[in-house]
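>>> Below is the structure, and that's it, no one-letter string:
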């Protein structure tokens, strides 16, 4: 099970931090990703973090603005989002995936949390 929190409404240029806490499975066995889905658009992987080797993936649209990190002691993944833009508005989901390379092959989905960025 994955429990996400931290969404909300923020003005453009602002920041938010999302959290995702895992339970019921071995956290270190999976890479953890954040996905987002905007109205009328396909769900996309934003960043992913591999617990096995510490590698990361960031979509070009968020590089330099978003940072993914983990607290393995708490089985929690964080997504720090800075310099938010209106186009970042979406429902954000955390997910456990097998590897970064196969990040669209999701093992477990968390519930979504809404992020709205006003202009």
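Perfect, I can see it now. Model, not experiment: these values are computed from the prediction. Numbering: from 1, shown residues only.

>>> Nearest residue to the middle of this protein?
In the chain, the residue lying closest to the centroid (C-alpha atoms, centre = their mean) is residue 34, at 2.2 Å.

>>> Show me the beta-bridge partners of it.
Beta bridges link residue 34 to residue 94, judged by DSSP bridges.

>>> got a pLDDT number for it?
Among the per-residue scores, residue 34 shows a pLDDT of 94.

>>> Please verify my assumption that it contacts residue 56.
No: using C-beta atoms under 8 Å, residue 34 is not in contact with residue 56, being 11.2 Å away. The C-beta positions use only the backbone N, C-alpha and C, and glycine is treated the same way.

>>> what is in contact with those two at once?
Jointly contacting residue 34 and residue 56 under the rule C-beta atoms under 8 Å, 6 or more residues apart in numbering are 47, 48, 68.

>>> From those, which one has the minimum pLDDT?
Confidence by pLDDT is poorest for residue 48 among these, given 89.

>>> Can you report how many residues neighbour the nearest residue to it once chain neighbours are set aside?
Nearest in space to residue 48, with sequence neighbours left out and distances taken as C-beta to C-beta, 6 or more residues apart in numbering, is residue 33 at 3.7 Å. By other C-beta atoms under 10 Å, 26 other residues sit near residue 33.

>>> just residue 57 next, same as before
17.

>>> And the pLDDT for it?
Looking at residue 57, its pLDDT is 94.

>>> continuing past the helix or strand containing it, what's the next helix or strand?
Take DSSP states H and E as the rule and residue 57 turns out to sit in strand 56-58. Per DSSP H and E, the first helix or strand lying C-terminal to strand 56-58 is strand 66-71.
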